[in-house]
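Peer 1: Sharing a model that was predicted from the sequence below.
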Amino acid sequence: MITTAKKPIGLALVAALALPTAGSLSAQELDPASSSAQVREERIDVVGSLPTDLSGLAEGPELDGFISQRRGRELTVTTENGAATNVFVADTTDIRARGGFLGLGRTELGPEALLNGLPVTVETVQWEGGLVASSVRFKDDDLETAEMIRGATNQRFTENEMAIEENAVATEALRGRVANIDQYNVRGTANVYFDTGKWNLTPAAQRDLCNAAREASEMDNALLLVVGYTDDVGDYDYNQTLSERRAGRVVNYLQQECDWAPWRMLTPTGMAEADPLADNTTAAGRAQNRRVSVNILVSKAVDNM
């Protein structure tokens, strides 16, 4: 259900537009009893150069999860239980996609294909500086979705040229009107709610998201801003990660199931336990705060044109 915003987004909106996406594409569940060390970044210092030959190195663990962070040659892979493991990508790492229509000519790929949020299976070997990926596997459809998210969060529209060509008239109108404008009117807000420690969508939440997308599609030049929140249970690192995953799940559903165009989505973000709707000292209040807000925005420069 869409409701008119009771207070302006103000500085929070400006900050949200400036934040990069966390891009979580997984529907896994985060165990609320897991320690903060499972979601806190664990850095590994590189010793020397990465090996050019991985043969003969001891076999490491196989990681099945998604890429939660990328730093040059180093990936952070977060698994189903919320544990984060850093892995290096060497020149000899075998990176391949499988399945889907993108498999034609794109099965063997380079490190640039390893995008934030991409679900992956990583085989590793042990090395003096940590773990090195011997192979990385993922689905073509997942790579396509990750690329769409990355392109949609670039407000210059430079990384989403295929979508621009297919939607040339609408995209050019939006590009010219909102490229240098950082103030928006909030035309409506839809909230969807989550169980403790979870970011999977209920059937009611799925219906509400598509209803919000339908209502926004009837407004000229409307954009969507997705912001995730938590209650105050757990520490900051845990709640920040959880809020980002909830926002990412909502973005995926809006684009994949509700047919909302990626280039009409502003950068999603997580705000942890900030800006609660209700009192966190009660169970009912905490339930209202475990939410993702989908804000329908129209630039003040084009509103009511």
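Peer 2: Arrived safely.
Peer 1: number of nearby residues for Leu266?
Peer 2: Number of residues near Leu266 (other C-beta atoms under 10 Å) recorded here: 21. Placement of C-beta: from N, CA and C, glycine included.
Peer 1: Gly60 versus that one, what's the distance?
Peer 2: Shown here: Leu266 relative to Gly60, a distance of 39 Å by C-beta to C-beta, to the nearest Å.
Peer 1: Please apply the same query to Val294.
Peer 2: Per C-beta to C-beta, Val294 is found 41 Å from Gly60.
Peer 1: So the two - more neighbours on which side?
Peer 2: Val294 (26 against 19).
Peer 1: helices and strands around the lengthiest strand in the chain, which ones?
Peer 2: In the chain, taking DSSP state E as the definition, the longest strand is strand 84-98. Under the contact criterion of 3 or more C-beta pairs under 8 Å, 6 or more residues apart in numbering; DSSP states H and E, strand 84-98 touches strand 59-71, strand 74-79, strand 119-127, strand 130-139, helix 140-152.
Peer 1: got the domain boundaries for the chain?
Peer 2: 10-21+168-299, 36-143 (automatic domain parsing).
Peer 1: what about Val227, helix or strand, and which?
Peer 2: Under the criterion of DSSP states H and E, Val227 resides in strand 223-228.
Peer 1: helices or strands next to that strand in the packing?
Peer 2: Taking 3+ C-beta pairs under 8 Å, 6+ apart as the contact cut, strand 223-228 packs with helix 10-18, helix 203-217, helix 236-256, strand 269-270, strand 291-299.
Peer 1: now with 7 Å?
Peer 2: Strand 223-228 sits against helix 10-18, helix 236-256, strand 291-299, with contacts defined as 3 or more C-beta pairs under 7 Å, 6 or more residues apart in numbering; DSSP states H and E.
Peer 1: need the ones you listed in TSV with mean pLDDT, can you?
Peer 2: Output for the helices and strands packed on strand 223-228, formatted as TSV (pLDDT from 0 to 100):
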stretch	mean pLDDT
helix 10-18	39
helix 236-256	94
strand 291-299	91
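Peer 1: Let's have those in TSV, adding distance to Leu223.
Peer 2: Converted to TSV, the helices and strands packed on strand 223-228 look like this (distance: least, C-beta to C-beta, whole Å):
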stretch	distance to Leu223
helix 10-18	10
helix 236-256	12
strand 291-299	5
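Peer 1: so which of those comes closest to Glu123?
Peer 2: Smallest distance to Glu123 across the helices and strands packed on strand 223-228 (C-beta to C-beta): 24.9 Å, for helix 236-256.
Peer 1: between the closest one and strand 74-79, how big is the angle?
Peer 2: Orientation of helix 236-256 against strand 74-79 (axes from the mean of the first three to the mean of the last three C-alpha atoms, to 10 degrees) gives an angle of 80 degrees.
Peer 1: Can you tell me which of the domains of the chain is packed in deepest?
Peer 2: Mean neighbours per residue, mean count of other C-beta atoms under 10 Å, is largest over these for domain 10-21+168-299, with a mean of 19.
Peer 1: where does the stretch 101-250 of the chain have low pLDDT?
Peer 2: Filtered on pLDDT under 70, the stretch 101-250 of the chain yields the residue ranges 101-108, 129, 144-183.
Peer 1: if you set the cut-off to 90 instead, what comes out?
Peer 2: Within the stretch 101-250 of the chain, the ranges that satisfy pLDDT under 90 run 101-120, 127-130, 138-187, 220-221, 234, 236.
Peer 1: Bridging across strands, which residues link to Ile296?
Peer 2: Gly188, Leu224 (DSSP bridges).
Peer 1: Of all the helices and strands packed on strand 84-98, which one comes closest to Ala204?
Peer 2: Among the helices and strands packed on strand 84-98, the nearest to Ala204 by C-beta to C-beta is helix 140-152 (23.8 Å).
Peer 1: So Leu201 sits against Arg249, correct?
Peer 2: Yes. Using C-beta atoms under 7 Å, Leu201 is in contact with Arg249, at 6.3 Å.
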